[in-house]
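Peer 1: Return a 3D structure for these sequence lines:
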Amino acid sequence: MKISLDQAKKLLISGSVVALPTETVYGLAALFSLPSAIEKIYTLKGRPKQNPLIVHVNDLSSVYFYTKELPPQTESIMKTFWPGPLTLVLPANLERVPEIVRSGKPTVAFRIPSHPIISTIIEAVGPLVAPSANLSGKPSATKTSHVENDFGIDFPVIDGGEIEKGVESTILVYAQGEWKIGRLGSISPEDFAPCLGYTPKTYEKVSKDPICPGSSYRHYSPNAHLHLGSLENCNGGVILGYSDRVYPNASIVISMGDSTNPHSIMKNLYTSLRKLDEMGILEAFIDIQFPMEGLYLTIYERFFRAADI
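Peer 2: Residues are numbered from 1 along each chain as shown. Model (predicted):
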């Protein structure tokens with residue numbers, strides 16, 4: 001159900017959950033100050049309670065208010081990449097950040113989104129939590145139709161059109177004396193080098209009690225069984241591939257854009273995975289013949305976690 005900005009504000013203030021566009025994906029938003037509303041997000045998504053949430057704010061002063069003892073270079077990172085698709089996991093002020101937001105952890109994740117709709121709403125009602133607007137484990141939503149498919153046509157959503165980036169924010173975590181990638185996303189690891197003086201490595205800690213939102217559990221998966229491989233292994237059937245390549249033995253090719261343009265692939269990634277379910281396809285092959293660097297690492301990670309590995 002498409003709603004206006006004013007309707008969204010009223011619903012949020014009343015303790016409801018609404019779907020909002022960001023520059024990365026659509027999010028299920030609730031007021032940061034209303035734990036009862038945040039509880040509804042976990043229930044709606046079927047999201048594990050151990051999986052913390054990202055707090056969306058509009059300014060650095062809010063980050064300072066809810067955190068303490070910021071790690072080295074935090075301010076430089078924030079001023080370089082915000083507003084935008086970056087999330088920082090920071091030490092939380094435990095008295096000011098609800099436990100349900102942190103999943104009981106001593107840290108809290110923040111970002112300042114650049115999409116004008118969610119920014120306008122934050123300005124009016126205050127900080128929001130807004131995990132991706134999809135059922136937990138399924139492909140994220142980059143169109144209002146995706147939200148409606150998961151939560152019903154009567155679920156309130158502001159129509160922001162098709163999303164610009166198409167995959168979630170990159171998450172940075174400070175660990176072992178340096179910044180590390182907690183989740184690959186819309187900003188590549190190499191993009192941080194000019195600011196940090198080094199390219200951050202992947203945060204290796206894997207557990208059932210994740211410090212980063214979306215860093216554990218199977219994610220992004222359609223109902224179809226997915227297989228990954230290179231171009232020469234595409235022997236037929238349904239293939240998620242690219243517009244600049246030919247797949248002579250395929251029965252169906254779902255194009256994710258030009259293989260040389262990772263931004264195009266990311267923008268089409270979740271729509272392509274959802275299309276498999278829309279078409280009733282039970283098995284598909286994904287062409288992963290691309291360089292394992294830059295944003296292609298994010299693309300591969302999403303495919304890997306969605307596939308039958």
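Peer 1: Quick one: residues in contact with stretch 187-206.
Peer 2: Stretch 187-206 has contacts (C-beta atoms under 8 Å, 6 or more residues apart in numbering) with 73, 76-77, 80-81, 84-86, 169-170, 172-173, 175, 178-182, 184, 211-212, 215-216, 293-295, 297-298. C-betas here are computed from N, CA, C, even on glycine.
Peer 1: repeat that for 10 Å
Peer 2: Outside stretch 187-206, the residues that touch it by C-beta atoms under 10 Å, 6 or more residues apart in numbering are 72-73, 76-77, 79-81, 84-87, 89, 165, 169-176, 178-184, 211-212, 215-216, 262, 293-298, 301.
Peer 1: As a check, name the ranges of all helices in the stretch 51-200 of the chain.
Peer 2: 60-66, 74-81, 99-102, 116-125, 144-151, 193-196 (DSSP state H, counting those that start in this stretch).
Peer 1: residues near the residue nearest to L5 when sequence neighbours are not counted, how many?
Peer 2: Spatial nearest neighbour of L5, excluding adjacent residues (C-beta to C-beta, 6 or more residues apart in numbering): T120 at 6.3 Å. By other C-beta atoms under 10 Å, the residues close to T120 number 16.
Peer 1: in its sheet, what does the helix or strand bottoming out on mean pLDDT in the chain sit against?
Peer 2: Lowest on mean pLDDT, DSSP states H and E among the helices and strands of the chain sits strand 225-229, with a mean of 91. Strand pairing for strand 225-229, determined by DSSP bridges: strand 283-287 (parallel).
Peer 1: And for E168, the neighbour number?
Peer 2: E168: 27 neighbours (other C-beta under 10 Å).
Peer 1: ok, back up a step: my understanding was that the residue nearest to L5 contacts A8; is that so?
Peer 2: Yes. The criterion here is C-beta atoms under 10 Å, and T120 meets it with A8 at 9.5 Å.
Peer 1: shared neighbours, those two?
Peer 2: Listed as contacting both T120 and A8 by C-beta under 10 Å, 6+ apart are 20, 158.
Peer 1: quick revisit: return the least confident helix or strand of the chain as CSV; C-alpha atoms alone will do.
Peer 2: The C-alpha trace of strand 225-229 is given here as CSV (Å, rounded to 0.1, in the frame of the first residue of the first chain):
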residue,chain,number,x,y,z
HIS,A,225,18.6,-24.0,-6.0
LEU,A,226,21.6,-22.0,-7.2
HIS,A,227,24.9,-23.2,-8.6
LEU,A,228,28.0,-21.0,-9.2
GLY,A,229,30.5,-21.4,-12.0
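Peer 1: ok, now which ones touch S14?
Peer 2: Per C-beta under 10 Å, 6+ apart, neighbours of S14: 31, 34, 37.
Peer 1: Equivalent analysis for T24, please.
Peer 2: Contacts of T24 by C-beta under 10 Å, 6+ apart are 84-87, 111, 113-115, 130, 132, 140, 142, 163-170, 185-186, 266.
Peer 1: Tell me the pLDDT of it.
Peer 2: Here the pLDDT value assigned to T24 is 98.
Peer 1: Kindly list the main-chain dihedrals of the residue nearest to N268 when sequence neighbours are not counted?
Peer 2: Excluding the flanking residues, the one nearest N268 by C-beta to C-beta, 6+ apart is M256, at 4.4 Å. Backbone torsions of M256, given as degrees, to the nearest 10, read phi -110, psi 20.
Peer 1: Can you tell me how far M256 is from E39?
Peer 2: Distance, M256 to E39, by C-beta to C-beta, to the nearest Å: 36 Å.
Peer 1: Who has more neighbours out of those two?
Peer 2: Using other C-beta under 10 Å, the more surrounded residue of M256 and E39 is M256, with 24 against 15.
Peer 1: what about that one, distance to A92?
Peer 2: For M256, the distance to A92 - C-beta to C-beta - is 38 Å.
Peer 1: Same question for S4.
Peer 2: Distance from S4 to A92, counting by C-beta to C-beta: 34 Å.
Peer 1: between those two, which one's more packed in?
Peer 2: A92 (23 against 10).
Peer 1: what sits against the residue most central in space within the chain?
Peer 2: For the chain, the residue nearest the mean C-alpha position is E168 (2.5 Å; C-alpha atoms, centre = their mean). Going by C-beta under 10 Å, 6+ apart, E168 touches 22, 24-25, 27, 54, 85, 87, 131-132, 140, 183-186, 213-214, 219-220, 270, 298, 302.
Peer 1: looking at it, F151 is touching L28, isn't it?
Peer 2: Yes. F151 is in contact with L28 according to C-beta under 10 Å; the separation is 8.3 Å.
Peer 1: residue ranges of the strands in the stretch 51-200 of the chain, please?
Peer 2: Assigned by DSSP state E, counting those that start in this stretch, the stretch 51-200 of the chain shows strands spanning 54-56, 86-91, 107-111, 128-129, 170-175, 178-183.
Peer 1: No further questions, thank you.
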